[in-house]
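Q: from the sequence below, what's the structure:
(2 chains)
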Amino acid sequence: MTNALFHANAVDYLIIIVYFVFVIGVGFVLRNQMHTGEDFFLSGRSIPAWITGLAFLSANLGALEIMGMTASGAEYGLLTTHFYWIGAIPAMLFLGIYMMPFYYVSKVRSVPEYLKLRFNEATRGLNAFSFAIMTVLTSGISLYSMGLIFQVLVGWSLSTSIFVSAVVVLLYVGLGGLTSSIYNEVIQFFLIWVGLLPIPLIGMSELGGWSGMMQRLPQGFGHLWSNLGSPSHNPMGISWLGVVLGLGFVLSFGYWTTDFLVVQRTLAARNLRAAQITPIYAAFFKMVVPILVIVPGLIAAALYPNIGHVGGPSYNLALPLLIAKYYPPGMMGLGLTAMLASFMSGMAGNVTAFTTVWTYDIYQAYLRKSASEAHYIAVGRWAVLAGVIISIGTAYFAAGFPSVMDYMQTLFSFFNAPLFATFLLGMFWRRATPWGGFWGLIIGIVSAFAMYAIIPANYFSSPDAGNFWRAWWAWVITVVVTVIVSLFTKRKPDAELQNVVYGLSIRPEYRGMPWYKRPGYLAGIAVVILVALNIWLW
Amino acid sequence: MGTPRKEFLDLRLLVGVLFTFYGIVLTLYGFFASPHTHLMKSNIDLWWGLVTLLFGIVFLIISRRPLRLDD
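A: Numbering: from 1, shown residues only, chains lettered A, B, ... in the order given. Model (predicted):
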């Protein structure tokens, strides 16, 4: 207890407990509104765009992300921002403008279900099972990390924090389904801003503003592109080509456009235009997140020059160190609540996505084809329970492997990079056949694993460079295999591909609407801001 | 889509209530206990509590407006 970094006060506990009570209360209120499977799994497709937009972003903004990206900011400087700008914005805009019409209009309830419509049952099964496994594994790892954080911060035991957080997530997701999850993601988004914004403000004023901070940082910490000419010129060990192809194209598009965790939020929107605008709004919100995570990382690097070195604190403690330094009791409660909330919404996002895929794409598809709505909601609630219990199990599993988190992120990219190739061909190339899709996807995944197993780790200049390039080649292999198999197998008749593939779907038409309601215009504005930011911090 | 099929629990109100409460707690605590960390001279709880309170009240006011259903 005594070696905890913080000593929480009564007022801090009051703030934390009020948050828990509030969240569970919202779950109870929403429970009475869950009548059909669509209500529970897709929020009845009735949520306004600004809410789904915030939820889209927050589902990804878990505690792992916040702690990890602050740590990365302290280690690599502004280079980390690539994960927020080129590594996210173009993919989100592409999802909104080009892919959303297929997802939303075809009325699918999950990403695997789209694969069934476009390709075949085998492709759907492959994706459903791999997604379900990856999701419970990741949620277990975030559960473990959060337990670890709270152990360090306030001295709770690992089991206490794992257990408390798991029970709260179980209650509110089990009661209110996706709506509950989405509401909490939005509340969490505001909590993170209110709870953590004072840190960059205080830090910057203490260090004498942006230029004052830069003077105390290593050369190159303040640039996005000017050191990317060759991998040896920057601490991340990457080149501009790796960033553009691996991160900006394959990894980011793979995650933001095909990962059901985020796509599920857009499907809850109330109409096609709201669904298209969801990721575009999220892109605007995403662009400002570096203020909260990367700037504190830079501040920590400036204040603690020995961070990450022998004898100094670990990079992972960058954010907690600043909270401990700047926050008195009261604010500390709010800061801790913000981190707890972000962790729980990250885990709840995993659990709701897992529940939906399990119920629709595994249980309904293979185990019990026709049953009442009430039956599927009940199955969904049991799946929430099962998902949380498995997550607790994988949390302890993760505890046994100190570096398992890195491996998990690598593994995750193995599945998303080939899947993005399958989607791209599936949505925009009518000639792609069902078996072309299946074999391309499975060989892409296998080859990503094979590359990881065969190519020695020191072949790449850094782990990030390895991830970027493996993702790129897995994507290329999937494209090549899908095209070759498609040329020799039978395609689906056009009648079955209505609204599923480009050229056979109705293009949404927004002529006559004011500019701020049209997805295309909003996306254009986002691109201009993105380019301006990159030039400004070149 | 027309009117929503069921009553929509207003998230704006929820956000407003939560942050108004946090704002009040922080402001009062900052005002009466005026806590300091050994490095910070200004009373962060007080001024950030007021910011939080303002944020919560803005959401409470917005939630009084009718929901625009076309968006």
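Q: next SSE after the helix ranked longest in chain A?
A: When chain A is parsed with DSSP state H, its longest helix is helix A:158-196. Proceeding C-terminally, helix A:158-196 gives way to helix A:198-207 as the next helix or strand, assigned by DSSP states H and E.
Q: next SSE downstream of that following helix?
A: With DSSP H and E, the next secondary element past helix A:198-207 is helix A:209-215.
Q: now the next helix-or-strand element following that following helix: average pLDDT?
A: Next along the chain after helix A:209-215, taking DSSP H and E as the criterion, comes helix A:240-241. Averaged over helix A:240-241, pLDDT sits at 77.
Q: rewinding a little: list the buried residues in the longest helix of chain A.
A: A:158, A:161-162, A:165-166, A:168-196 (16 or more other Cβ atoms under 10 Å in any protein chain shown). Just so you know, the C-beta spots here come from the backbone N, C-alpha and C atoms, and that holds for glycine as well.
Q: how far off centre is that helix?
A: Remark: helix A:158-196 is offset 16 Å from the chain centroid, using Cα atoms, centre = their mean, to the nearest Å.
Q: next, see if it gets close to chain B.
A: Yes. Contact of helix A:158-196 with chain B (Cβ under 8 Å from any Cβ of the partner chain) involves A:183, A:186-187, A:190, A:194.
Q: what pLDDT does the model give the closest residue to A:S413 other than its chain neighbours?
A: Computed as Cβ to Cβ, 6 or more residues apart in numbering or on different chains, the closest residue to A:S413 that is not its neighbour in sequence is A:A471, at 5.1 Å. For A:A471, the model assigns a pLDDT of 86.
Q: ok, now which ones touch A:A471?
A: A:246, A:250-251, A:254, A:413, A:416-417, A:448 (Cβ atoms under 8 Å, 6 or more residues apart in numbering or on different chains).
Q: report the inter-axis angle for the lengthiest helix in chain B versus helix A:158-196.
A: When secondary structure is assigned using DSSP H, the longest helix within chain B turns out to be helix B:11-33. Helix B:11-33 and helix A:158-196 are oriented at 90 degrees to each other (axes from the mean of the first three to the mean of the last three Cα atoms, to 10 degrees).
Q: dump the residue contacts of A:G335.
A: Contacts for A:G335 (Cβ under 8 Å, 6+ apart) come out as A:195-196, A:199, A:323, A:327.
Q: now the host helix or strand of B:I61: mean pLDDT?
A: According to DSSP H and E, B:I61 maps onto helix B:44-64. Regarding helix B:44-64, the rounded mean pLDDT is 88.
Q: and that helix, anywhere near chain A?
A: Yes. Helix B:44-64 is in contact with chain A by Cβ under 8 Å from any Cβ, via B:44-45, B:48-49, B:51-52, B:55.
Q: could you check the angle helix B:44-64 makes with the longest helix of chain A?
A: Going by the same axes, to 10 degrees, helix A:158-196 makes 80 degrees with helix B:44-64.
Q: helix A:158-196 - what's its average pLDDT?
A: Rounded mean pLDDT across helix A:158-196 is 84.
Q: list the contacts of A:N120.
A: A:434-435, A:437-438.
Q: backbone dihedrals for it, please?
A: The phi and psi values for A:N120, taken as degrees, to the nearest 10, are phi -150, psi 180.
Q: try A:P328
A: phi -80, psi 170.
Q: which non-adjacent residue is nearest A:F253?
A: For A:F253, ignoring the flanking residues on the chain, the nearest one in space by Cβ to Cβ, 6+ apart is A:A91 at 4.4 Å.
Q: check which helix or strand the one you found maps to.
A: Per DSSP H and E: helix A:89-94 holds A:A91.
Q: residues in contact with A:L171?
A: A:24, A:27.
Q: distance-wise, check it relative to A:I24.
A: 5 Å (Cβ to Cβ, to the nearest Å).
Q: what do you get for A:M134?
A: When A:M134 is compared with A:I24 (using Cβ to Cβ), they lie 28 Å apart.
Q: so where's the stretch 351-500 of chain A shaky on pLDDT?
A: Flagging of the stretch 351-500 of chain A using pLDDT under 70 yields the residue ranges A:399-409, A:412.
Q: need the contact list for the closest residue to chain B within it.
A: Here the residue of the stretch 351-500 of chain A nearest chain B is A:E373; by Cβ to the nearest Cβ that distance is 14.1 Å. The contact partners of A:E373, taken as Cβ under 8 Å, 6+ apart, are A:35-37.
Q: with A:P218 instead?
A: Contacts of A:P218 by Cβ under 8 Å, 6+ apart are A:77, A:235, A:301.
Q: for the most centrally placed residue in chain A, which three-state class applies?
A: What sits nearest the mean C-alpha location of chain A, by Cα atoms, centre = their mean, is A:N60, with 3.0 Å. Recorded secondary structure, A:N60: coil (DSSP: H, G, I helix; E, B strand; the rest coil).
Q: wait, it sits on A:L261?
A: Yes. With contacts counted by Cβ atoms under 8 Å, A:N60 reaches A:L261, the gap being 7.4 Å.
Q: got any residues that touch both of these two?
A: Joint contacts of A:N60 and A:L261 (Cβ under 8 Å, 6+ apart) are A:G349.
Q: what's around A:N271, how many residues?
A: Under the neighbour criterion other Cβ atoms under 10 Å in any protein chain shown, A:N271 is assigned a count of 17.
Q: residues near the residue nearest to A:F253, how many?
A: 25.
Q: make JSON lines from the contacts of A:N120 and add distance to chain B to it.
A: Output for the contacts of A:N120, formatted as JSON lines (distance: Cβ to the nearest Cβ, whole Å):
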{"residue": "A:P434", "distance to chain B": "33"}
{"residue": "A:W435", "distance to chain B": "38"}
{"residue": "A:G437", "distance to chain B": "32"}
{"residue": "A:F438", "distance to chain B": "35"}
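Q: pipe those residues into a markdown table and attach neighbour count and secondary structure per row.
A: Shown next, in a markdown table, are the contacts of A:N120 (neighbours: other Cβ atoms under 10 Å in any protein chain shown; DSSP: H, G, I helix; E, B strand; the rest coil):
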| residue | neighbour count | secondary structure |
| --- | --- | --- |
| A:P434 | 23 | helix |
| A:W435 | 19 | helix |
| A:G437 | 29 | helix |
| A:F438 | 25 | helix |
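Q: now, among those residues, which is nearest to A:F56?
A: Comparing the contacts of A:N120 against A:F56 with Cβ to Cβ places A:G437 closest, at 25.9 Å.
Q: not counting its neighbours along the chain, what's nearest that closest one?
A: Excluding its sequence neighbours, the residue lying closest to A:G437 (Cβ to Cβ, 6+ apart) is A:F119, at 3.7 Å.
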